[in-house]
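Undergrad: need a structure here:
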Amino acid sequence: MSDYRRAFIPGGCWFVTVNLLDRRQALLTDQIEILRNAVAATRRSHPFGIEAFVVLPDHLHAIWRLPPGDANFSVRWRLIKTRFAKALPANERLSAVRASRNERGIWQRRYWEHLIRDEVDYARHVEYCYYNPVKHGHVSKVCDWPYSSFHRDVRAGLFPEDWGGDARLIGEFGERL
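TA: Numbering: from 1, shown residues only. Here you go, the predicted structure:
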């Protein structure tokens, strides 16, 4: 059995990446309203603040702040994943293991999380969230991606609308696609 070590800091702030099991699908953006409803229902039952959120077709990134005294981000992700999966028709292909466990084949079982340590770490992860659709080639400008809390932050005056520039003019940043 794996030994997953997670930091549980009451009232902490976390960056999390959650992936679909089949990364070739566009289920998250195709079913964005179901995802939004799952997040909203979970926030009602288990409150948390959304510092940043970006949804791509096959994965999402989020930065959450939990209430004081609460460190259980895991239950929140479990609820979101479960609510999203239950709202979809059960027509995905299942492995023998998932079928034997009566699981759905929508999400990867685990997720990646990082406890935000300071303001520089926070800013770096917010920017990572917002630039991710450009990095993956979905748009050339951050402001053109509709499934992002970037637009909320522009309205609040935290970012200029043209933040991140235009990837068609800037280049690839040395990353392999």
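
Undergrad: quick check: Ser45 touching Leu79?
TA: Yes - contact criterion Cβ atoms under 8 Å: Ser45 and Leu79 qualify, at 7.1 Å. To be clear about C-beta, it is placed using only N, CA and C from the backbone, and glycine gets the same treatment.

Undergrad: these two: which has the busier surroundings?
TA: Leu79 (17 against 10; other Cβ atoms under 10 Å).

Undergrad: what comes up buried for the helix or strand hosting that one?
TA: Here Leu79, judged by DSSP states H and E, is contained in helix 73-86. Going by neighbour count (16 or more other Cβ atoms under 10 Å), the buried part of helix 73-86 is Phe73, Arg76, Trp77, Leu79, Ile80, Lys81, Arg83, Phe84, Ala85.

Undergrad: now do stretch 129-141
TA: Cys129, Tyr130, Tyr131, Asn132, Pro133, Val134, Val139, Lys141.

Undergrad: give me the distance between the first one and Arg117.
TA: The one in question is Cys129. The gap separating Cys129 from Arg117 is 16 Å, by Cβ to Cβ, to the nearest Å.

Undergrad: where does pLDDT dip in this protein?
TA: Residues of the chain meeting the criterion pLDDT under 70: 1-7, 98-99, 102, 170-177.

Undergrad: which parts of it are helices?
TA: Applying DSSP state H to the chain gives helices spanning 27-30, 32-45, 73-86, 96-100, 119-135, 150-155, 167-170.

Undergrad: turn those helices into JSON lines, including distance to Val55.
TA: Output for the helices of the chain, formatted as JSON lines (distance: least, Cβ to Cβ, whole Å):
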{"stretch": "helix 27-30", "distance to Val55": "5"}
{"stretch": "helix 32-45", "distance to Val55": "6"}
{"stretch": "helix 73-86", "distance to Val55": "11"}
{"stretch": "helix 96-100", "distance to Val55": "24"}
{"stretch": "helix 119-135", "distance to Val55": "9"}
{"stretch": "helix 150-155", "distance to Val55": "11"}
{"stretch": "helix 167-170", "distance to Val55": "19"}
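
Undergrad: which of those sits closest to Phe53?
TA: Among these, helix 119-135 comes nearest to Phe53, with 7.1 Å by Cβ to Cβ.
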